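**Student:** Sequence and predicted structure are below.
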Amino acid sequence: MKFDIWILLLYTGCMSEKKARPVTAESDKDWQKTQYSNLIRYVPSGTYYARLRVKGKLIRRSLKTDVLSVAKLRLSDFEKHERQVAESRDSVAAGKLTMADAIKIHKQRLAGNVSLKPRTKDYCVQRITALLKSWPELERKEVRSITKTDCLNWAAKFGPGRSATAFNHTISILRNLFEIGIEMGSRYDNPARFIKRLRERPKRLTLPEPEKFTEFVSAVENGGGGFSKYCADLVRFLAFGGFRKSEAANITWADCDFDKGEIIVRGDPVTGTKNWTIRRVPMIPDMRKLLERLKAENPDALPSHPVMRVRECQKAMDRAAKEIGMERITHHDLRHLFATLCIESGVDIPTVSRWLGHKDGGALAMKVYGHLRDQHSVNMAQRVTFNRASSEKIIPLPVEGTASR
């Protein structure tokens, strides 16, 4: 009995001694203060940590670096983020964050993003409108109440008949809204992540042959409308210059340099061209004839006046294509037609790419126009032969310094 009591007392004493051990005192030695506020260093690994108090809450987070200069930069970003999150939580603490609130925040951030062009911002707003139209009750829902099933059900209804590009961009908008909810502390996960994006396949180009294009333009011009003639001129202008619709609308007579044989493309006065650069497109013979005719028909036009009288003509193009039995084409397809005819005429792809305003040295042009019309491929194949005897004779150039006879 006495032995059992002694064992019990010994065990209890050991436990008491273990509990009384100053563990925190030892751990404090592992942390080293720095000369910078809210920045500390974990000595054993050398890793820097952020240690700050936000709204009364103490936060300590690894900055995942042992380089002081990097740690200082990451500390600034981390501190800014944590304080923004805290302020956001306070702003919604009195009420519950709804999807309408998240949409409002998203639009504010979108409008203030200087890295996005106005055209891109407008497209994002269009996707938000499409999202709300396809999910009418979404705005009234609380962010935290929406489930994975809700998102999948919406996608199942929204996806069919929708282009892959439009579908994927709308998904991105929905995911961003939930990310705002996560940032605000309204939920911890993103249920829209379970929606699978559609594979975006490049559009197969079906372009008219030159003879069919001439017939197409004639059908547009003889459409019977008050602007039919102007619509036909726009079709020619887009096809002969490879311009985007928005670029063509803002080309003035001052941009047409007949002496140098080129057209300056500036795009919209506010948004500019797609790549924020001004480019010069040479006048092909058909373009020069078109501009000379338009100039003769409108001799009083000022240099600041736009060359084109209309900005778009899709309805006239649709009617004309249907009338002559041709597959429907868009304004942008006329840009493809210009590029295709240039390449088939022997212009190298990097040059065509530069005329189009691409900034990748021809990579996109090669991807889009690498497969030209079937008939052109057949014609090119006839030039390939393994029989040297059947190839045309090549007349060598005269050697420098010798007289040619």
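**Tutor:** Noted; the coordinates are in hand.
**Student:** quick one: low-confidence ranges for the stretch 301-405 of the chain?
**Tutor:** 360-380, 387-405 (pLDDT under 70).
**Student:** Any chance you could spot the residue sitting in the middle of the chain?
**Tutor:** Central residue of the chain (CA atoms, centre = their mean): Thr120, 7.6 Å from the mean position.
**Student:** before we move on, which element is that residue in?
**Tutor:** Using DSSP states H and E, Thr120 falls within helix 118-134.
**Student:** Identify all contacting residues around that helix.
**Tutor:** The contact list for helix 118-134, computed with CB atoms under 8 Å, 6 or more residues apart in numbering, reads 103, 106-107, 110-111, 113, 116, 138-139, 154, 157-158, 166, 169-170, 172-174, 246, 270-271. No exception for glycine: its C-beta is placed from N, CA and C like everyone else's.
**Student:** Show me which parts of that helix are buried, residue by residue.
**Tutor:** Residues of helix 118-134 classed as buried: Cys124, Arg127, Ile128, Ala130, Leu131 (neighbour count, 16 or more other CB atoms under 10 Å).
**Student:** Likewise for stretch 242-260?
**Tutor:** Of the residues in stretch 242-260, 242-253, 255-256 count as buried by neighbour count, 16+ other CB under 10 Å.
**Student:** looking only at pLDDT, what's the mean for that stretch?
**Tutor:** On average, the pLDDT along stretch 242-260 is 93.
**Student:** C-alpha coordinates for that stretch, PDB please?
**Tutor:** Extracted C-alpha coordinates of stretch 242-260, given in PDB (Å, rounded to 0.1, in the frame of the first residue of the first chain):
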ATOM      1  CA  GLY A 242      -7.500  44.000 -93.100                       C
ATOM      2  CA  PHE A 243      -8.800  46.500 -90.600                       C
ATOM      3  CA  ARG A 244     -10.900  45.700 -87.500                       C
ATOM      4  CA  LYS A 245     -14.400  47.200 -87.700                       C
ATOM      5  CA  SER A 246     -13.600  49.800 -84.900                       C
ATOM      6  CA  GLU A 247     -10.300  50.800 -86.600                       C
ATOM      7  CA  ALA A 248     -12.000  51.300 -90.000                       C
ATOM      8  CA  ALA A 249     -14.600  53.600 -88.500                       C
ATOM      9  CA  ASN A 250     -12.000  56.000 -87.200                       C
ATOM     10  CA  ILE A 251      -9.700  56.200 -90.300                       C
ATOM     11  CA  THR A 252      -9.900  59.800 -91.700                       C
ATOM     12  CA  TRP A 253      -8.700  61.200 -95.000                       C
ATOM     13  CA  ALA A 254      -5.700  62.700 -93.200                       C
ATOM     14  CA  ASP A 255      -4.700  59.100 -92.400                       C
ATOM     15  CA  CYS A 256      -4.500  58.200 -96.200                       C
ATOM     16  CA  ASP A 257      -1.100  59.000 -97.600                       C
ATOM     17  CA  PHE A 258      -1.400  58.600-101.300                       C
ATOM     18  CA  ASP A 259       2.200  59.700-101.900                       C
ATOM     19  CA  LYS A 260       3.700  56.900 -99.700                       C
END
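**Student:** what sits up against it?
**Tutor:** Contacts of stretch 242-260 with the rest of the structure, by CB under 8 Å, 6+ apart, involve 119, 234, 237-238, 241, 263-269, 271, 273-274, 281, 283, 288, 291-292, 295, 301-308, 311-312, 331-332, 335, 338-339, 342, 355-356.
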